[in-house]
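Novice: have a look; sequence and predicted model below, questions after that.
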Number of protein chains: 2
Amino acid sequence: MTMSNTGGRRKPPTIHDVAREAGVSRGTVSRVLNGGHYVSPTAQEAVNAAIRKTGYVVNRHARSLITGRSDSIGFLLTEPQEKLFEDPNFNVLLRCCTQALASHDIPLLLMLAGTEDERRRITRYITAGHVDGVLVVSSHSADPVAEELRQAGVPLVQCGKPMGRGSKVSYVAADDRDGARDMVRHLLSLGRRRIGVVTGPLDSPGGVDRLAGYKEVLTEAGVEIDERLIVSGDYSRASGEAGAERLLAQAPDMDAVFVASDLMAQGALTALRRAGRRVPEDVALGGFDDSTAATESTPALTTIRQPYDRISNEMVRVLLAQIGGEDPAAVILPTELVRRESA
Amino acid sequence: MTMSNTGGRRKPPTIHDVAREAGVSRGTVSRVLNGGHYVSPTAQEAVNAAIRKTGYVVNRHARSLITGRSDSIGFLLTEPQEKLFEDPNFNVLLRCCTQALASHDIPLLLMLAGTEDERRRITRYITAGHVDGVLVVSSHSADPVAEELRQAGVPLVQCGKPMGRGSKVSYVAADDRDGARDMVRHLLSLGRRRIGVVTGPLDSPGGVDRLAGYKEVLTEAGVEIDERLIVSGDYSRASGEAGAERLLAQAPDMDAVFVASDLMAQGALTALRRAGRRVPEDVALGGFDDSTAATESTPALTTIRQPYDRISNEMVRVLLAQIGGEDPAAVILPTELVRRESA
DNA sequence: TTCTCTACTGTGAACGCTCACAGAAGCATG
DNA sequence: CATGCTTCTGTGAGCGTTCACAGTAGAGAA
């Protein structure tokens, strides 16, 4: 359609070529490129035609050199390497964020900070201004990298509530407490009363809030909180399996269990099956996340849906706003109960 | 340690500041930055000290503007969005490539080309020279995007053998044929003779080669090839389940099955279990990839290990060489049989 | 007319770096 | 002493863009 660069690599057209072609000045072309304010319709038209004809694409390096912006943003994952991709939530988040950024024509730089060395390298890279901002994802929200970046004045937004309540850092999170409440209410509505819970890590707000929701609903319903029905995990499949095992040992009469992530719920399913408990007949099982793990299991998991697409969009929106000079913001998004087979 | 950018964002030091600090010229600093040839030890030392003292980090945009290189490379995934992350192999590959690049201090730009729109946008972005080269990953190797980029003269390396035998495109792949041979030989050594196979997509060399290995070994062993023991899938879990079902219907006496990917093998496991076949007692099951799916299943999968870490390193090495002007290259890496529980 | 205001356009001057080139210094060779 | 060679260093130009500024033209008001 346009003059694409077939064959060898020739010198690409510059803004100057476009200007000459359109019979205007560089400045006018630049203005068209950047929103088109204060440009006559005639010039606008001529420039666009010239751009199409020459196949011009802006040289981002030249632009960045002068604007000081890189027009790219980083996606930072701070997890030990083994766990890095076990959790399907990371994948979904990565995919959604990439797409959300793509719609703004902003490339995403993937940054994996598993080891101490990598963290140093990446911190240096980011503080050097090679990206305009950072999307931070990590399951344990007390992240020193994020804090360091924040102090260096780098715009960033975290996925999930951060630990320190005082720190003014942007974040986007699902409503953990409310989601947990919905799930436990659902289990109660099924007639279950001996409801166990495998929590997330309790050094993270997400883990704490989901446990809080659990306790609240039980208390409101007049069901006594039994500490033997509460164990904690770290969102890994293995910890879900171990957690369910411990619960079965401590409270053999358990008739339902709320597991704070689908991946852990998968593990719990294994443990329950091994113990000869039928799901959902003997023990109703509720997960959290609605990740791919939920539909892959048999039985498919009843779970709380985290709106990852909306979370990603909001993260990008908040980050872009912050890069544009706005203040840090917190966004909490509603969850939704998804009924499948396990409860 | 050094003067890090604490607090607000001040103007970062330039090469000029370093030169002044070190008492040398810009040129000398630049030479130190780029390998340090033709620089006296004294100057070398002074410059390094000045860099440490000022906290200088090169401005990549200014450098790129003049060199024409972006010093970044793209990771292109051309798959429909749903499948994008279902396959754990993609995750591993992405992780390994990111790390391989990180060791060269090269950032990775993630590019997801699921829809036609995205493909156009990304092709445009790449041909505009915003990345120096591209790592291409896709399960169906007949990829129009890759071909288009290749014709535009963009350095790229594919993961897996490409379809057209004539096209001079770099690639790195595991030895599919040999891996399949190892697995089938192993199944034979277990005393199995009615060995089924669920192949990968037969419009891709990987799928074809694994099937070829299967047939070769059986023929060499004097076992007759039975077409009822051969069905094909598309590497998805669902297709593995359907494939195993079909095999059981067509050849109920099947005593082993070689499934061309671990994800499909997971599906096959479900089908076998549903049909009441014990694995490995009644039917021995062999997978391919040694992805996370292999250890997550019960029983854990005996499989053929694809050396993803080496594949990634080679992809990066070949790509960098090609960017440096060398000719396209093909690398085939050996696989390894990993015995677990399923066979 | 003259002035002001708005809408638009063109022109240097950067941005921070690398590269080519010229030149200096040191040393051996003719 | 001149010449060449090698090793090292500094300087000016320029990469392609944006930005600030100056300037023009036309419309409307005084």
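Specialist: In hand now; what should we look at?

Novice: so the residue in the stretch 51-200 of chain A positioned nearest to DNA strand C versus A:E245, what's the distance?
Specialist: For the stretch 51-200 of chain A, the residue closest to DNA strand C is A:I66, as judged by C-beta to the nearest atom of the strand, at 3.6 Å. Heads up, the C-betas are built off the backbone N, CA and C, glycines and all. Using C-beta to C-beta, to the nearest Å, we find A:I66 at a distance of 61 Å from A:E245.

Novice: where's the residue of the stretch 51-200 of chain A closest to DNA strand C relative to chain B, distance?
Specialist: Separation of A:I66 from chain B (C-beta to the nearest C-beta, to the nearest Å) stands at 9 Å.

Novice: same check, this time on A:L190
Specialist: From A:L190 to chain B the distance is 27 Å (C-beta to the nearest C-beta).

Novice: doesn't A:A343 make contact with that residue?
Specialist: Yes: using C-beta atoms under 8 Å, A:L190 is in contact with A:A343, at 6.6 Å.

Novice: residue ranges with poor pLDDT in chain A?
Specialist: A:1-10, A:81-86, A:139-142, A:165-166 (pLDDT under 70).

Novice: what residue in it is the furthest from its centre?
Specialist: A:G23 (47.0 Å; C-alpha atoms, centre = their mean).

Novice: got a list of what the residue nearest the centre of chain A touches?
Specialist: Centroid-nearest residue in chain A: A:L93, 4.2 Å away (criterion: C-alpha atoms, centre = their mean). Taking C-beta atoms under 8 Å, 6 or more residues apart in numbering or on different chains, we find A:L93 in contact with A:137, A:159, A:308, A:311-312.

Novice: how about a cut-off of 7 Å?
Specialist: By C-beta atoms under 7 Å, 6 or more residues apart in numbering or on different chains, the contact set of A:L93 is A:137, A:159, A:308, A:312.

Novice: what count of nearby residues applies to A:K161?
Specialist: Counted with other C-beta atoms under 10 Å in any protein chain shown, residues neighbouring A:K161 total 20.

Novice: separation between the closest residue to it other than its chain neighbours and A:Y308?
Specialist: Distance criterion C-beta to C-beta, 6 or more residues apart in numbering or on different chains; nearest residue to A:K161, sequence neighbours excluded, is A:P205 at 3.8 Å. Distance from A:P205 to A:Y308, counting by C-beta to C-beta: 18 Å.

Novice: same check on A:S138?
Specialist: 15 Å.

Novice: before we move on, what about A:R63?
Specialist: For A:R63, the distance to A:Y308 - C-beta to C-beta - is 32 Å.

Novice: neighbour-wise, which of these two wins?
Specialist: A count of neighbours by other C-beta under 10 Å puts A:Y308 above the other of A:R63 and A:Y308, at 21 against 18.

Novice: touching, that one and A:R95? I think so.
Specialist: No: between A:Y308 and A:R95 there is no contact under C-beta atoms under 7 Å: 8.7 Å.

Novice: quick revisit: neighbour-wise, which of A:I66 and A:E245 wins?
Specialist: Neighbours were counted for A:I66 and for A:E245 using other C-beta under 10 Å; A:E245 has more, 18 against 10.

Novice: so that one touches A:A271, yeah?
Specialist: Yes: the pair A:E245 and A:A271 passes the contact test of C-beta under 7 Å, sitting 4.7 Å apart.

Novice: picking up where we left off before, the residue of the stretch 51-200 of chain A closest to DNA strand C looks like it's in a strand, true?
Specialist: No: secondary structure of A:I66 (DSSP: H, G, I helix; E, B strand; the rest coil): helix, not part of a strand.

Novice: gap between A:I323 and B:R121?
Specialist: The value you get for A:I323 to B:R121, if C-beta to C-beta is used, is 21 Å.

Novice: A:H104 too?
Specialist: Taking C-beta to C-beta, one finds A:H104 at 11 Å from B:R121.

Novice: what does A:L101 give?
Specialist: Per C-beta to C-beta, A:L101 is found 12 Å from B:R121.

Novice: these two: who's more crowded?
Specialist: A:L101 (22 against 16).

Novice: and the more buried one, which helix or strand is it part of?
Specialist: In the assignment (DSSP states H and E), A:L101 maps to helix A:88-102.

Novice: which is the next helix or strand following that helix?
Specialist: In N-to-C order, the element after helix A:88-102 by DSSP H and E is strand A:108-112.
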